[in-house]
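Undergrad: Quick one, fold the following:
(one chain, ligands or ions: 1)
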Amino acid sequence: MYPTRIHRGAANQRGFFVATLARAWETSATPLLAFVLAATLAGQTARAETPRPDTPQPDTLMAGVAKVDITDREAGPVNDPLYVKAIVLKSDTETAVLVSVDAVAIGEIGRISNDYLPTVRTRLQQELGIAPANVLINASHCHGVVCADVDEKTVQAVTQATKNMVPVKIGAGVGHEDRIMENRRLKLKSGKEADVRHAYSLPPDEEVAEVGPVDPQIGILRLDRLDGRTLAVVYNFACHPIQGVPSGGNTADIIGFASKVIEENLSDDTLALFLQGCGGDINPVTYKAVEHPRSAEPLGNLLGLSTLRAVRKIECQADQRLTVRSETLALPRGDRTERIHQLEIEQQRLLQSLKGTSLNLKTFLPLVVKYNLSEEFPSYYSHRYLHDEKLGRDDLRKLDSENRRNMKAYIQNIHTMEALTRVQANLSLLRKHQRAMVDSGKRTVDVELAAMRIGDFVLTTFPGELTVQIGLNIKQQSPHPQTFVAGYTNGYIYYAPTAEQLQNVGGAQEDSDCILAPQWQSIYETKVAAMLENL
Ligand SMILES: [Zn+2]
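TA: Predicted coordinates for the structure are as follows:
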């Protein structure tokens, strides 16, 4: 089945050349050169006893990798390319495919349509005989623009990977990175939660009481050829790759840069394949910065270097364990009728609380500067205040109190306006999902879950934006030490926050851009625990 004879032939051929050169040495005018050549080739003959990289060994997995550019070059300037990347894995009994797409989601939103996944899977089954459930496709969740024929390109990548299969040794490990991301949900003193988006203004600093957790773990699978060259690195991390680049061009964001660092610092053609984790409520740091151009590049470089640091510590070994389990689970949809009603009342209350003041933006801004520069004498030089005081007048003091009253009212109006931007953005998300639920005539949504083992590397997937606590829970409860969680895989059902976060429906994106009822979390976590138990 494998071309072992060719390599034995090659070794024999080298043996012939060594003998010929040795004879040449006896008669040659340049014996030293002949000696060096003979010694070099003899060394190669000796090394040929150890397995060549493309010779299968007992108990090794076979793996092939490929990547195809999926950047939409018509969509405007390109900062860095977007890719679909594929790893095909094969044991004696199982074939599985891991695909990573530099796109926002697998269906539902963005450029990738809902028929992408079934189309790709059907073709891979027909053309390569790969079972549909064994094809796992993860969206990195970068917000780049992919080409229209991304399905064709995906099939191309997988097909190419099947043509490059080599035996591999594998190993799993964990890296650490906590400098590039932050939890984007803000716990407010009111007990509610808000989140950090460009879609609306943040609440005032003094209203913020606490922030949520992050998951600094980088889950890593390393695949080495038998000669030690690294074929691929699979890495899993939880963070929205949405920092953007100063040029504003199309970009694979943090993930594009991280993968580049990994690929350029290992073997010549190493493939770095990223699997987005439970990044639902995780943002890049300084996401709202306005003092400097925001750039994904330094963040991606840090993630890439931290991944490399861990990759180098992983020892690969022959390990044929390859298992994929897939199940469909019905999750309850949330009925937001009551919450929409409450938010509409809140919207009206906020609107009616706007109060008229004498100021507008043009008069307000210089006053803010003056009253912050000189609290005691904001309206003129101090001598004028002292002069008034001497004559028993307080005209300037009266003016100052009136201005302060107006400024306070104006600021209050601004905060109300900012609160309205949050209410309206989240209200429209709730209305959209409520309408979709009514139209669907169903109170549940079916999700495809997968659990996969590649040696010690255990992966479970979900088709939505799991928030970070869910991932931390699954990892903590798993019987397997190297368990990692990929959201954004094999479909897209929007955000999937915890039951606790769903108490806050209408307050933040993760709980508003969500179709699930709070009970979903325990149903899901129970199911995943059972799948991991049986893996
Ligand atoms: Zn998102």
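Undergrad: end-to-end on stretch 198-214?
TA: Length of stretch 198-214, first residue to last, C-alpha to C-alpha, to the nearest Å: 20 Å.
Undergrad: so where's the protein shaky on pLDDT?
TA: Low-confidence segments of the chain (pLDDT under 70): 1-57.
Undergrad: who touches Thr421 in this structure?
TA: Ala199, Tyr200, Ser201 (C-beta atoms under 8 Å, 6 or more residues apart in numbering). C-beta coordinates here come from the backbone N, C-alpha and C atoms, glycine included.
Undergrad: Which of those ranks first by neighbour count?
TA: Taking other C-beta atoms under 10 Å as the neighbour criterion, Tyr200 ranks highest of those with 19 neighbours.
Undergrad: Apart from its chain neighbours, what residue comes closest to that one?
TA: Thr421 (4.0 Å; C-beta to C-beta, 6 or more residues apart in numbering).
Undergrad: Would you agree that neighbour falls within a strand?
TA: No: counting by DSSP: H, G, I helix; E, B strand; the rest coil, one finds Thr421 to be helix, located in no strand.
Undergrad: can you pull out the helices in this protein?
TA: 4-27, 31-47, 116-128, 150-163, 253-264, 296-311, 337-352, 361-373, 382-390, 395-440, 468-477, 509-512, 520-533 (DSSP state H).
Undergrad: Of the ones you listed, which is nearest Gly191?
TA: Counting by C-beta to C-beta, Gly191 lies closest to helix 509-512 out of the helices of the chain; the figure is 13.8 Å.
Undergrad: For Asp69, list each beta-bridge partner.
TA: The bridge-partner assignment for Asp69, based on DSSP bridges, gives Tyr83.
Undergrad: wait, it sits on Leu82?
TA: Yes: contact criterion C-beta atoms under 8 Å: Asp69 and Leu82 qualify, at 7.3 Å.
Undergrad: Looking at the two, which is more packed in?
TA: Neighbour count, other C-beta under 10 Å: between Asp69 and Leu82, Leu82 has more, with 25 against 15.
Undergrad: So Arg121 is in contact with Leu136, correct?
TA: No: counting by C-beta under 8 Å, Arg121 sits too far from Leu136 to count as a contact (10.4 Å).
Undergrad: Please tell me how far the most far-flung residue of the chain relative to its centre sits from Arg197.
TA: In terms of distance from the mean C-alpha position of the chain, Leu391 ranks first, at 69.0 Å (C-alpha atoms, centre = their mean). Look at Leu391 and Arg197: by C-beta to C-beta, to the nearest Å, they are 55 Å apart.
Undergrad: so which of the contacts of Thr421 comes closest to Met437?
TA: Comparing the contacts of Thr421 against Met437 with C-beta to C-beta places Ala199 closest, at 22.4 Å.
Undergrad: Could you tell me how many residues sit around the residue lying closest to the closest one once chain neighbours are set aside?
TA: In space, and not counting its chain neighbours, Ala199 is closest to Ala425: 5.0 Å by C-beta to C-beta, 6+ apart. Counted with other C-beta under 10 Å, residues neighbouring Ala425 total 16.
Undergrad: my read: Ala425 touches His198, true?
TA: No: Ala425 lies out of contact with His198 (C-beta under 8 Å); the separation is 10.5 Å.
Undergrad: residue contacts, Val174?
TA: Neighbours of Val174 in contact, by C-beta under 8 Å, 6+ apart: Gln217, Ile218, Gly219, Ile220, Ala310, Gln482.
Undergrad: If you rank those by neighbours, which is first?
TA: Most surrounded of these: other C-beta under 10 Å gives Gly219, at 28 neighbours.
Undergrad: what's the distance between that residue and Asp335?
TA: For Gly219, the distance to Asp335 - C-beta to C-beta - is 36 Å.
Undergrad: Can you measure across stretch 260-280, start residue to end residue?
TA: 24 Å.
Undergrad: What residues sit buried inside it?
TA: 260-263, 265-266, 270-280 (16 or more other C-beta atoms under 10 Å).
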